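Asker: what shape does this take:
(chains A and B)
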There are 2 protein chains.
Amino acid sequence: MNKLKEIKETLLMGPGPSCVPPQVYKALATATIGHLDPAFIGIMDDIKAMLQQIFQTENDVTIPMSGTGSAGMETCFVNLVESGDKLLVLINGVFGMRMQDVANRLGADVDTLEFEWGTAVDVDAVKMKLDGATYDIVAVVHAETSTGVCNPVDLIGSLVKDTDALFLVDTVTSLGGIPVKVDEWGIDAVYSGTQKCLSCPPGLSPLSFSKRAMNKLANRKTKVPNWYLDLSMIVNYWQGAKRTYHHTAPINMLYALYAALECMLEEGMESVFARHQAAHEQLKAGLAELGIPFLVKEDSRLPMLNAVKIPEGVDEADIRMTLLKERQIEIGAGLGPLAGKIWRIGLMGHTARAENVERLLTALRAQLGF
Amino acid sequence: MNKLKEIKETLLMGPGPSCVPPQVYKALATATIGHLDPAFIGIMDDIKAMLQQIFQTENDVTIPMSGTGSAGMETCFVNLVESGDKLLVLINGVFGMRMQDVANRLGADVDTLEFEWGTAVDVDAVKMKLDGATYDIVAVVHAETSTGVCNPVDLIGSLVKDTDALFLVDTVTSLGGIPVKVDEWGIDAVYSGTQKCLSCPPGLSPLSFSKRAMNKLANRKTKVPNWYLDLSMIVNYWQGAKRTYHHTAPINMLYALYAALECMLEEGMESVFARHQAAHEQLKAGLAELGIPFLVKEDSRLPMLNAVKIPEGVDEADIRMTLLKERQIEIGAGLGPLAGKIWRIGLMGHTARAENVERLLTALRAQLGF
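Answerer: Reported below is the predicted structural model:
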């Protein structure tokens, strides 16, 4: 009955999870120790320091939350939003819509700017919107996993800087694949996931809060309506001399994150970004030969999440299932209005290597009859 | 700099995490696959079925939440409580207090019955309280991890059954160590943690909701104010034909839970419970020789969480640190008003074995100069 024995190693080229390097699997299986053991506290401190490097921030509060990427989104909103706060959410895909949903549930007064799925957020439209109203928070997704679009977070950030709003950014798919410059771009609250370009299994959400964000949290009129994700308590476990217990940290997942971050920093961030870009270029050239076009214009494309249009007359679900079952390659389907219209080919983290791209192209050529 | 290499295998005898069996470490390091891969869906189905056995329930909604035990608590309250709902929380330790805090943050009208820490909830007092008022939810902790007390959930359940209230129970420390009979005891919402008697690393929270609880959720006037933990969406991923993506499941942690549950069911639940009881009896006999008394009266003691009074003149923190550093044995400190007054000795899951108890007793004899 043990189904774990039947699991086949799979080339993960969907929208996440991505392939996991051997060091990270090994770390996962390291002996569990206590969450207040000084040896574990030392590991937590190193994780914080490595996350600061990868987020390019000096923010003190730079820690992994004990949940997946969506828990990171929830953490940012639930800590920073009070009922009636005015938010602007920029939407051009599933994850922008999710932000709107999360914020609405917290009683925020949510304004949105929507853009066609597959196109980037238009900075001029944001400028006009910001000129006409005052917001407590402006929120945007950096790398829209549902469409493969890279939004111009740097430019949006420079607009938000001129207002009193906090700037909240989703970097679930971007972090570790393209630069994320939290301090330089004026980001106040940012979250990511472990299962994309960080090449760690899903389960944690790295997050960083600026001093301004922590200040807003400290000056709330009401308690955070979410005990589990209340950062004002969680920071007392992650920093300071006393390390007050909040909840039992996910020890082994944190070992894995430790190893994954160490792998990346040893390779060097510039090399990691170049590797993602090279894999993307290789895929692009191969897909061109197959006559498979991208959904997104070249200047807004993400290297790690390639949304491509399904060729005429192709049964897209059948191809995906055949790739998975016969060749152990996973690629992703479209979400929402793009379901059935696109594939999402992930080149994230450990997956982003020439041999993997070639393996997928070979398989696609065979499946599509080239 | 790699601190993972410095981690020493530790005998975990604190309030959790507990020791993890080799099969579970192996499962953790199984190749990550996609969260929509049919092979993974099969594993999810088996986890559900095994959790139903361990919770002794036929509840359809019996799944692990993607967070630690406290996320399970949050899930129960956030899905079932609407602003103004009337709650009765029975409190005799840290986790009952936490329930009160969680519920208050959600705008509930929280009534409490408090009992001295180290004593059990008094059923007659609960009866009187229920006779005098109407509640939407009655909540209690089965195994109070902060004091080592077992509350009479069966008896409280039979009282709550005669009212319209839902019965919400924390079984974080009890599940897998003593019987938890969800259906028989009339429990409507129950959660646990993986890192106690289930012998799996921390990171997931098994949970079960009755039809009545799901009905209350379906008839809410407002959306669940927590997107990440909204069970009405999460069940669409865990069951049904379509398996709609909600958030990326923590794949490898779920592998570990799968293996941990399989280990328990192979051993047989009755044998598992007997092993916990035997380890407790052995510890009790050994502590009596050392003149170390229990905090809790015999009829309310948990076998898996032994709260014992610190002998006169002993530097309790020094003993704990010495056990950890020199003998790689972790025991727990007291929490809140019991800090400095008790040790908490965990005999949970894989830890609950004769050789482990003897190793601790030998160490304590040496440390205390016997």
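Asker: what parts of the stretch 251-370 of chain A come near chain B?
Answerer: The stretch 251-370 of chain A comes close to chain B at residues A:251, A:252, A:253, A:255, A:256, A:258, A:259, A:262, A:324, A:330, A:335, as judged by C-beta under 8 Å from any C-beta of the partner chain. C-beta: built from backbone N, CA, C; applies to glycine.
Asker: excluding its backbone neighbours, what's nearest the third one?
Answerer: Going back to what we said before, that points to residue A:253. Leaving aside its sequence neighbours, residue A:253 sits nearest to residue A:203 (C-beta to C-beta, 6 or more residues apart in numbering or on different chains; 4.5 Å).
Asker: report the buried members of the residues of the stretch 251-370 of chain A next to chain B.
Answerer: Neighbour-count burial (16 or more other C-beta atoms under 10 Å in any protein chain shown) is assigned, among these, to A:251, A:252, A:253, A:255, A:256, A:258, A:259, A:262, A:324, A:330, A:335.
Asker: which ones are touching the last one?
Answerer: Residue A:335 makes contact with A:94, A:146, B:245, according to C-beta atoms under 8 Å, 6 or more residues apart in numbering or on different chains.
Asker: between the residues of the stretch 251-370 of chain A next to chain B, which sits nearest residue B:2?
Answerer: Among those, residue A:262 lies closest to residue B:2 (C-beta to C-beta), at 6.7 Å.
Asker: mind listing what the residue nearest the centre of chain A touches?
Answerer: Centrality entry for chain A: nearest residue to the mean C-alpha point is residue A:172, 0.7 Å, by C-alpha atoms, centre = their mean. By C-beta under 8 Å, 6+ apart, the contact list for residue A:172 reads A:16, A:69, A:72, A:95, A:141, A:143, A:145, A:191, A:192, A:193, A:196.
Asker: is chain B contacted by whichever strand or helix holds residue A:212?
Answerer: Remark: residue A:212 resides in helix A:211-218, with elements defined by DSSP states H and E. No: in terms of C-beta under 8 Å from any C-beta, no part of helix A:211-218 sits within range of chain B; the closest distance is 14.2 Å.
Asker: packing partners of whichever helix or strand comes after that helix?
Answerer: As assigned by DSSP H and E, the chain's next helix or strand after helix A:211-218 is helix A:231-238. Using 3 or more C-beta pairs under 8 Å, 6 or more residues apart in numbering or on different chains; DSSP states H and E as the contact test, the elements touching helix A:231-238 are strand A:61-65, helix A:69-80, helix A:211-218.
Asker: mind listing what's buried along the helix holding residue A:212?
Answerer: A:213, A:214, A:216, A:217.
Asker: how distant is it from the center of its chain?
Answerer: 23 Å (C-alpha atoms, centre = their mean, to the nearest Å).
Asker: again, but for stretch A:105-122
Answerer: 18 Å.
Asker: same check on stretch A:98-107?
Answerer: Put simply, stretch A:98-107 sits 18 Å off its chain's centre (C-alpha atoms, centre = their mean).
Asker: mind listing what's buried in it?
Answerer: Of the residues in stretch A:98-107, those buried by neighbour count under the rule 16+ other C-beta under 10 Å are A:98, A:99, A:100, A:101, A:102, A:103, A:104, A:105, A:106.
Asker: also near chain B: which of the contacts of residue A:172, exactly?
Answerer: Among the contacts of residue A:172, the ones lying close to chain B by the criterion of C-beta under 8 Å from any C-beta are A:16, A:69, A:193.
Asker: so which of those comes closest to residue A:311?
Answerer: Among the ones next to chain B among the contacts of residue A:172, and counting by C-beta to C-beta, the member closest to residue A:311 is residue A:16, at 24.3 Å.
Asker: got the residues of the stretch 101-250 of chain A near chain B?
Answerer: Residues of the stretch 101-250 of chain A lying close to chain B (C-beta under 8 Å from any C-beta) are A:101-102, A:104-107, A:193, A:195, A:201-203, A:223-228, A:245-250.
Asker: just to revisit the earlier point, can you tell me which of the contacts of residue A:172 are in strands?
Answerer: A:141, A:143, A:191 (DSSP state E).
Asker: apart from its chain neighbours, what residue comes closest to the first one?
Answerer: Spelled out, that is residue A:141. Leaving out its chain neighbours, residue A:141 is closest to residue A:170 (C-beta to C-beta, 6+ apart), at 4.2 Å.
Asker: burial check on residue A:288, number of neighbours?
Answerer: Neighbourhood size, residue A:288 [other C-beta atoms under 10 Å in any protein chain shown]: 11.
Asker: sorry, that was for residue A:274
Answerer: Neighbourhood size, residue A:274 [other C-beta under 10 Å]: 14.
Asker: and stretch A:10-26, which residues are buried?
Answerer: So, applying 16+ other C-beta under 10 Å, buried residues of stretch A:10-26: A:10-21, A:23-25.
Asker: identify the farthest-apart pair in these.
Answerer: Longest span within the buried residues of stretch A:10-26, C-beta to C-beta: A:15 and A:23, 23.6 Å.
Asker: wait, residue A:183 sits on residue A:52?
Answerer: No: applying C-beta atoms under 8 Å as the test, residue A:183 and residue A:52 come out as separate, 9.7 Å apart.
Asker: these two: which is more packed in?
Answerer: Counted by other C-beta under 10 Å, residue A:183 and residue A:52 do not tie: residue A:52 has more neighbours, with 18 against 14.
Asker: how far does stretch A:131-150 sit from its chain's centre?
Answerer: So, by C-alpha atoms, centre = their mean, the centroid of stretch A:131-150 is 14 Å from its chain's centroid.
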